[in-house]
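**Q** Okay, here's the prediction I keep looking at, along with the sequence it came from:
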Amino acid sequence: MSNIESKLKSDEMDFFFKAILSLETIDECYKFFDDIATINEVKSLAQRLQVAKMLRDKKIYNEIVEETGASTATISRVNKCLNYGSDGYKIILERLSETEEK
């Protein structure tokens with residue numbers, strides 16, 4: 001079992017992720033996340049993904065702070081995940097990149 005699985009793995013998390021995977025449209029995502037999380041929580045998650053994309057695109061911290069409003073601590077944490085994490089950002093960013101190319 002990987003480190004991430006040992007920290008997160010549970011029946012409740014499986015149910016939660018299956019719920020997310022069952023969403024079929026962006027509108028359904030808006031509805032679900034509006035109900036399950038606060039606006040600030042969802043915006044924070046979206047901001048982290050945007051920071052990851054910008055870091056992957058070789059943007060510098062100052063540019064990322066200016067464009068996203070993310071703190072340097074958040075940028076550093078995302079950068080650490082990109083370099084030493086579980087490759088979650090990498091998987092998503094590659095898939096989104098492939099979708100944009102089509």
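**A** Happy to help now that I have it. For clarity, every value in this text was computed on a predicted model and none was experimentally measured.

**Q** any residues touching the helix or strand Glu98 falls within, and which ones?
**A** Applying DSSP states H and E as the criterion places Glu98 in helix 88-101. Outside helix 88-101, the residues within contact range by Cβ atoms under 8 Å, 6 or more residues apart in numbering are 49, 52-53, 56, 78, 81-82. No exception for glycine: its C-beta is placed from N, CA and C like everyone else's.

**Q** Surely Thr74 and Leu45 touch.
**A** No: using Cβ atoms under 8 Å, Thr74 and Leu45 do not qualify as a contacting pair, with a distance of 11.2 Å.

**Q** More neighbours: those two, which one.
**A** Neighbour count, other Cβ atoms under 10 Å: between Thr74 and Leu45, Thr74 has more, with 17 against 12.

**Q** on contacts alone, who are the packing partners of the helix or strand that one falls within?
**A** Under the criterion of DSSP H and E, Thr74 resides in helix 72-84. Applying 3 or more Cβ pairs under 8 Å, 6 or more residues apart in numbering; DSSP states H and E, we find helix 72-84 packed against helix 39-56, helix 61-68, helix 88-101.
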